[in-house]
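Chemist: What would the 3D arrangement of this be:
(chains A and B)
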There are 2 protein chains.
Amino acid sequence: MSESRILNAALRGKIMSASDAAAFIKPGDNVGISGFTGSGHPKFVTQALADRIAAATARGENYRVGLLTGASTAPEADGALAKVNGISFRTPYQSDPDCRNHVNAGDCGYVDAHLSHSGQNTAWGHYGKLDVALIEVVAILEDGRLIPSTSVGNNQTYLDVAERVILEVNTAQDMLLEGMHDIYTVGLPPNRKPIPIVAASDRVGEPYLRVDPRKVVAVVETDCADRDTKFTPPDENSKRIAGHILEFLGHEVKKGRIPANLLPLQSGVGNVANAVMIGLNESSYENLTAYTEVLQDGMLDLIRSGKFTCVSSTAVSFSAETTVDFKKNLAEYRKRIILRPQEVSNHPEVIRRLGTISMNGMLEADIYGNVNSTHVLGSKMMNGIGGSGDFARNAYLSIFMTPSVAKNGALSCFVPMVSHVDHTEHDVQVLVSEHGLADLRGLAPRQRAKLIIEKCADPKFRPALTDYLARAEKGANGLHTPHLLGEAYDWHLRALRGESM
Amino acid sequence: MSESRILNAALRGKIMSASDAAAFIKPGDNVGISGFTGSGHPKFVTQALADRIAAATARGENYRVGLLTGASTAPEADGALAKVNGISFRTPYQSDPDCRNHVNAGDCGYVDAHLSHSGQNTAWGHYGKLDVALIEVVAILEDGRLIPSTSVGNNQTYLDVAERVILEVNTAQDMLLEGMHDIYTVGLPPNRKPIPIVAASDRVGEPYLRVDPRKVVAVVETDCADRDTKFTPPDENSKRIAGHILEFLGHEVKKGRIPANLLPLQSGVGNVANAVMIGLNESSYENLTAYTEVLQDGMLDLIRSGKFTCVSSTAVSFSAETTVDFKKNLAEYRKRIILRPQEVSNHPEVIRRLGTISMNGMLEADIYGNVNSTHVLGSKMMNGIGGSGDFARNAYLSIFMTPSVAKNGALSCFVPMVSHVDHTEHDVQVLVSEHGLADLRGLAPRQRAKLIIEKCADPKFRPALTDYLARAEKGANGLHTPHLLGEAYDWHLRALRGESM
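Modeler: Below is the predicted model:
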């Protein structure tokens, strides 16, 4: 059955086992793999490589690789390699527990990067030479073109740049995916042209990946499902946050700033994002679109209900349950879903042109509107900035949202000064917690501080934040952005000691 | 003589004195004025308005306005209004000493914004209604179109959005400026199209500003030169910084990453920028271009010498001496200079497409590569972020440069943790001081720290930085980005006390 998926004769001659293919990946190699939010990553060769690394390590040899992806992958890819401490370098995004541990221990060099930057940085050689591209595809056509899988990510760039190519042909992926993708190559300066997308639904490329067949050293047949990205039903706080956002969007429409069908939506992952989607599904909005980087369960519901006329993304990322529905109705869904390279889904050019409404989660914000998306207490890497910066800087509306407290109320997500900045005050327009929404547009720092404390902070922490602000304004450093540098991080230091902030 | 500059009959009927025109600006009005880096700002009506404000204040009345510009202006505009404390709100950039004092005292609400954002934010109404546009032009054509002055900035947006318009026709500006400008309107979502610029020299609009003549309430004739933006010859440290940058660019060409004529240059203002331009002028590079926001003395030298085939900018900003040469040879210079709206000169779409080489100054950087461009000791606003973020995020090369120390060596410009973040580690690729250049591309935080300390920090401060890093790595917060939050700002606290860092 799988034979029929590899129609190109030359590439059919390269079929081999995952462990034979993994032998093409040498110690010290940089490997660019497919995979974005647990979809479309290689499933077998990465595990075979992990076995090779474990065996070499047992022999006392040093066998580690640099790992470049689209974004997060899954236990079979990041997970397997991190478990054997086989990743010496990692970019641009990860969320695997073992990988995270090695990153934080400092023995995996992690370059957390804007997703729109990662492809071009690889092509320019900023991460060194790319030795191997390891890409999951759905099938190989007779002429050698490749049907992309459930994510596009940096696949075309890695195929173009890598010295050697290994393809995984995954029969667990549905052949009906053919035609869903839109592969457009941005290229490098000085030869770049305008990306001609003026609506989320525009197709500007072709539905196939291309590879120089002479570079393909191995083709591996696999049959393995994507990650089961569990869907968590929204809790009360998420519903409240979503409610504030939906009310605010209604207000923007009423003001005439955005059309009645809004502007293309971009949404991060998780509980709150799901709640917003559910809210939109129950709303009176029609003919919505999304220009986003990942299409999850909540958004698929809106395609099913007809609310979304089109979702442009670089990956799908579903629960096992939704995957069943997705496959069953793929012929229909395919008409409303476009999967693009992440350099296009996250390109500042297109995002600013379309003017997305961007909603992203965060770890903490400070009273002046700076946002920390990545570093717990200023030092521990959680996952990475992902595409949040690509969208926040260029969106029509840049919204960051979080419950007001964490760790059962011990930690405030609104603090005097964030312990790491991923999104500066210049790029954060709206902050939301379950308590309310702070519209920061057009406000100077002191005004922002008062509004954030009043609208977003938990009542338990409001007096201390107000007190900090008042004393900072009176202090020697009480100027444009008043701060008490001697105690700006006392909140985090208390948390580091295991106390309440 | 000036009569001939106002060819439109209807608008000729609106000629009046500056003080009569200023009466159209009411207390509480938002006024969008022309002006960018001391060029093309209104010279008379702002001063007349300041007089009105002073008189009203003396009568105990509250007469203040919101002031929106392109960027910094001059003593006749920002300066005059700030002196009488007449500015209640200010955006997107200022550098006037009196204005800065009011910003830091907290009695002028300052929204420091990316220059590419300021026009669209105004059009969307994020700063409230724009009551008046006050725009300097060179002349008014018979059909009512306007010859723009020495800066374009947000002029077309302000003319489009404002309820009332006041024009200053400045006979001190040369009529030969006609044809130098390229006015292209980006518009608002969902109706935006690709900006068809694929080279710095592309013209995509028309050379005139347009205004609805029914909105024009006053035309004022002026005859006053732009600000004399003094040219400071580079000192030794600036020459060393420039030397490191030029050597690095040569290396990039050799690696084949950029063409032999480089990529379009963007350069901030000041001593170091001048040194780089002088270095380029003495180099063997040919057929250079610039895609930048301000064209200064140093860049004009490169046009004169033939090194630059084209400079695209939104403003010129010259010393009095260079202005003489500029006017004398305007017919020639006009062939190689394009002045665009700042929404285009600073647009992420075009900057990423062209892949600029961007060089900007800063106040301080930390050992992990975060950059503070705006806030002295975390609180005092210096000028603003200007266009540095538009370029740094989207450039091919994002370079930030500073002498290693300030205040005669008392302060280190490389610190454990910056006291304010304008450019995050994700957007800073290269740091340079007189001691050396740190190429941070592809490096994880701990690697960046070691390199920045070794290459950029002053030897006097290196041991303390190394010690901080070593102890941070061993501490409870010694994870992905090691920090000692309890002492991260000790350096700044010492400076606040007037001690050496």
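Chemist: can you pull the contacts of the closest residue to A:Ile385 other than its chain neighbours?
Modeler: Sequence neighbours aside, A:Asp422 is the residue nearest to A:Ile385 in space, at 5.0 Å (criterion: C-beta to C-beta, 6 or more residues apart in numbering or on different chains). Yep, even glycine has a C-beta here, placed from its N, CA and C like the rest. Residues near A:Asp422 by C-beta atoms under 8 Å, 6 or more residues apart in numbering or on different chains: A:Met362, A:Val371, A:Asn372, A:Ser373, A:Thr374, A:Ile385, A:Ser388, A:Gly389, B:Thr424, B:His426.
Chemist: tell me which parts of the stretch 101-250 of chain A are close to chain B?
Modeler: For the stretch 101-250 of chain A, the residues in contact with chain B (C-beta under 8 Å from any C-beta of the partner chain) are A:103-106, A:109-114, A:117, A:121, A:124-128, A:188-190, A:192-196, A:198-199.
Chemist: Out of the residues you listed, list just those in helices.
Modeler: A:Val103, A:Asn104, A:Ala105, A:His117, A:Asn121, A:Trp124 (DSSP state H).
Chemist: Can you pick out the most distant pair from those?
Modeler: Taking C-beta to C-beta, the two most distant members of these are A:Ala105 and A:Trp124; they sit 29.0 Å apart.
Chemist: Which strand or helix spans the nearest residue to A:Ile197 once chain neighbours are set aside?
Modeler: Leaving aside its chain neighbours, A:Ile197 sits nearest to A:Val350 (5.1 Å; criterion: C-beta to C-beta, 6+ apart). If you go by DSSP states H and E, A:Val350 is part of helix A:348-354.
Chemist: Show the end-to-end separation of stretch A:319-333, please.
Modeler: End-to-end distance for stretch A:319-333: 16 Å, by C-alpha to C-alpha, to the nearest Å.
Chemist: which residues of the stretch 351-500 of chain A fall in helices?
Modeler: A:388-394, A:445-455, A:462-474, A:490-496 (DSSP state H, counting those that start in this stretch).
Chemist: looking at these, which is buried most?
Modeler: With neighbours defined as mean count of other C-beta atoms under 10 Å in any protein chain shown, the helices of the stretch 351-500 of chain A peak in mean count at helix A:388-394, which reaches a mean of 29.
Chemist: Would you mind pulling up the elements that that one packs against?
Modeler: Counting contacts by 3 or more C-beta pairs under 8 Å, 6 or more residues apart in numbering or on different chains; DSSP states H and E, helix A:388-394 is packed against helix A:348-354, strand A:357-361, strand A:397-401, helix B:388-394.
Chemist: Nearest to A:Ile452, out of those?
Modeler: Closest approach to A:Ile452 among the helices and strands packed on helix A:388-394 (C-beta to C-beta): strand A:397-401, 11.0 Å.
Chemist: report the longest strand in chain A, please.
Modeler: Taking DSSP state E as the criterion, chain A has its longest strand at strand A:132-140.
Chemist: That strand: what's the following helix or strand?
Modeler: strand A:146-148.
Chemist: Please work out which residues outside that following strand touch it.
Modeler: For strand A:146-148, using C-beta under 8 Å, 6+ apart, the contacting residues are A:40, A:135, A:137-141, A:155, A:167, A:175, A:177-178, A:181, A:183, A:207-211, A:339.
Chemist: Now A:Arg64: closest residue in space, sequence neighbours ignored.
Modeler: Residue nearest to A:Arg64 in three dimensions, not counting chain neighbours: A:Ser88, with 4.0 Å by C-beta to C-beta, 6+ apart.
Chemist: Mind telling me what element that neighbour is part of?
Modeler: Going by DSSP H and E, A:Ser88 is in strand A:87-91.
Chemist: Paired strands for that strand, with orientation please.
Modeler: When sheet partners are counted by DSSP bridges, strand A:87-91 sits next to strand A:65-68 (parallel), strand A:109-110 (parallel).
Chemist: Can you say which of those strands is packed in most?
Modeler: Compared across the strands paired with strand A:87-91, strand A:65-68 shows the largest average neighbour count, a mean of 26 (mean count of other C-beta under 10 Å).
Chemist: C-terminal to that one, what's the next element?
Modeler: Scanning forward in sequence from strand A:65-68 by DSSP H and E, the next helix or strand is helix A:80-83.
Chemist: Can you tell me which helices and strands that next one packs against?
Modeler: For helix A:80-83, the packing partners by 3+ C-beta pairs under 8 Å, 6+ apart come out as helix A:45-58, helix A:97-105.
Chemist: Pipe those helices into a markdown table and attach mean neighbour count and mean pLDDT per row.
Modeler: Shown next, in a markdown table, are the helices and strands packed on helix A:80-83 (neighbours: other C-beta atoms under 10 Å in any protein chain shown; pLDDT from 0 to 100):
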| stretch | mean neighbour count | mean pLDDT |
| --- | --- | --- |
| helix A:45-58 | 20 | 98 |
| helix A:97-105 | 20 | 98 |
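Chemist: would you turn those into CSV with distance to A:Phe326?
Modeler: As requested, those are exported to CSV (distance: least, C-beta to C-beta, whole Å):
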stretch, distance to A:Phe326
helix A:45-58, 24
helix A:97-105, 27
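Chemist: Specify the beta-bridge partners of the nearest residue to A:Leu209 once chain neighbours are set aside.
Modeler: The spatial neighbour of A:Leu209 that comes closest, neighbours along the chain excluded (C-beta to C-beta, 6+ apart), is A:Leu146 at 4.1 Å. As for beta bridges, A:Leu146 partners with A:Ile140, A:Leu209 under DSSP bridges.
Chemist: Could you measure from A:Leu146 over to A:Val219?
Modeler: Taking C-beta to C-beta, to the nearest Å as the measure, A:Leu146 falls 11 Å from A:Val219.
Chemist: Please apply the same query to A:Ile53.
Modeler: On the measure of C-beta to C-beta, A:Ile53 and A:Val219 end up 22 Å apart.
Chemist: Which one of the helices and strands packed on helix A:80-83 lies nearest to A:Asp458?
Modeler: It's helix A:97-105; of those, that one is closest to A:Asp458 (C-beta to C-beta) at 27.4 Å.
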